[in-house]
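Chemist: Need coordinates for the following:
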Amino acid sequence: MGGHSHWATTKRHKQAQDAKRGKLFTRVIRELTIAARHGGDPDHNPRLRLAIMKAKDANMPGDTLKKAIQRGTGELPGVHYEEFTLEAYGPGGTALLLEITSDNRNRTVAEIRNLLTKNNGTMAEAGAVSWQFQKKGLIVVEQGKVEEDRLLSLALEAGAEDVKISEKTFEVITAPHDFEAVKKALSDAKIDTSLAEVTFVPQNSIKLQEKAAEQMLKLMELLDDHDDIQKAHANFDIPDEIIEKVAAAG
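Modeler: The predicted model follows:
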């Protein structure tokens with residue numbers, strides 16, 4: 001998992017903050033609008049189906065959800081967003097893969113380049129780091145919410161590729177096309193998930209300590225705060241105690 005579990009811990013706290021500030025809604029609205037360009041019927045549009053699931057998980061009002069889809073299908077006027085990815089290096093030689101949606105590509109690229117330069121990072125050429133990531137479904141369940149054997153049985157039977165056990169969580173890994181089925185199987189079994197998304201999972205990790213770790217966590221917070229960055233993926237591995245120390249200081 002390449003340190004993903006550690007970052008997942010901080011991401012959950014971040015999501016709670018984002019929900020209060022409306023940032024989560026902004027990102028989900030963009031995803032709904034872009035997904036709906038390929039058709040407004042979720043039964044025939046898997047990406048839209050996932051976006052609607054995310055909107056409902058965020059308790060988005062039905063009217064807001066509907067209007068976002070209508071902007072994507074062209075039934076309502078709206079801003080045209082372009083989707084692209086940017087690749088970069090972070091502190092300690094870590095790999096960064098950034099998923100972007102922007103209404104002004106040049107502005108966004110310049111802002112992110114500046115942000116990286118000021119925070120021990122640098123832009124990379126296309127293809128330089130993306131090969132280190134694989135698109136996967138990731139479902140995180142807190143230990144104590146379910147017995148390990150039960151989770152393994154349910155997840156693997158529903159089509160999961162693997163279940164990884166970390167210090168505090170179970171991480172269910174799926175192929176992207178099996179994500180919905182596995183998430184539904186866990187939901188039907190009344191198993192609470194703390195994180196469920198189709199994401200880019202790093203295939204290797206770089207261990208960071210002290211200064212580089214603190215720099216990396218600061219950079220990830222800044223990237224997550226940028227309105228045009230839908231998701232920031234990285235391949236760092238940082239000890240929990242350092243993450244907790246930085247979170248407490250913040």
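
Chemist: in the longest strand anywhere in the chain, what's buried?
Modeler: For the chain, the longest strand by residue count, based on DSSP state E, is strand 133-142. Residues of strand 133-142 classed as buried: F133, K136, G137, L138, I139, V140, V141 (neighbour count, 16 or more other CB atoms under 10 Å). From N, CA and C alone the C-beta is placed, and that goes for glycine too.

Chemist: Point out the other helices and strands that the helix or strand hosting A35 packs with.
Modeler: Counting by DSSP states H and E, the element that carries A35 is helix 23-35. Applying 3 or more CB pairs under 8 Å, 6 or more residues apart in numbering; DSSP states H and E, we find helix 23-35 packed against helix 4-21, helix 46-57, helix 62-73, strand 95-102, strand 229-234.

Chemist: Show me what the fourth one is packed up against.
Modeler: Secondary structure elements in contact with strand 95-102, counted by 3+ CB pairs under 8 Å, 6+ apart, are helix 23-35, strand 82-89, helix 105-117, strand 195-202, strand 229-234.

Chemist: Could you rerun that using 7 Å?
Modeler: strand 82-89, helix 105-117, strand 229-234 (3 or more CB pairs under 7 Å, 6 or more residues apart in numbering; DSSP states H and E).

Chemist: what's the spacing between the most far-flung residue of the chain relative to its centre and R37?
Modeler: For the chain, the largest distance from the centre (CA atoms, centre = their mean) belongs to E75, which lies 28.7 Å off. To R37, E75 is 12 Å away according to CB to CB, to the nearest Å.

Chemist: got the domain boundaries for this protein?
Modeler: 4-73, 82-131+204-242, 132-202 (automatic domain parsing).

Chemist: Is it possible to get JSON lines of those that adds distance to A249 and mean pLDDT?
Modeler: JSON lines is the format used below for these (distance: least, CB to CB, whole Å; pLDDT from 0 to 100):
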{"stretch": "domain 4-73", "distance to A249": "13", "mean pLDDT": "81"}
{"stretch": "domain 82-131+204-242", "distance to A249": "9", "mean pLDDT": "93"}
{"stretch": "domain 132-202", "distance to A249": "21", "mean pLDDT": "92"}
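
Chemist: Distance to A248 for those - can I get that in CSV?
Modeler: Shown next, in CSV, are these (distance: least, CB to CB, whole Å):
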stretch, distance to A248
domain 4-73, 11
domain 82-131+204-242, 10
domain 132-202, 17
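
Chemist: ok now do A51, which residues does it touch?
Modeler: V28, E31, L32, A35 (CB atoms under 7 Å, 6 or more residues apart in numbering).

Chemist: hmm, 6 Å instead?
Modeler: For A51, the contact set (CB atoms under 6 Å, 6 or more residues apart in numbering) comprises E31, L32, A35.

Chemist: Over to V246?
Modeler: E214, L217.

Chemist: chain center to whichever strand or helix holds it, what's the gap?
Modeler: Per DSSP H and E: V246 is located in helix 240-249. How far helix 240-249 lies from its chain's middle: 21 Å, per CA atoms, centre = their mean, to the nearest Å.

Chemist: Kindly report the same for stretch 240-250.
Modeler: 21 Å.

Chemist: Tell me the one among the contacts of A51 nearest to G92.
Modeler: E31 (30.7 Å; CB to CB).

Chemist: if I look at the closest one, how far off is L24?
Modeler: 11 Å.

Chemist: With K211 instead?
Modeler: 31 Å.

Chemist: Looking at the two, which is more packed in?
Modeler: L24 (21 against 11; other CB atoms under 10 Å).

Chemist: Quick check: that one touching N59?
Modeler: No: using CB atoms under 6 Å, L24 is not in contact with N59; the gap is 9.7 Å.
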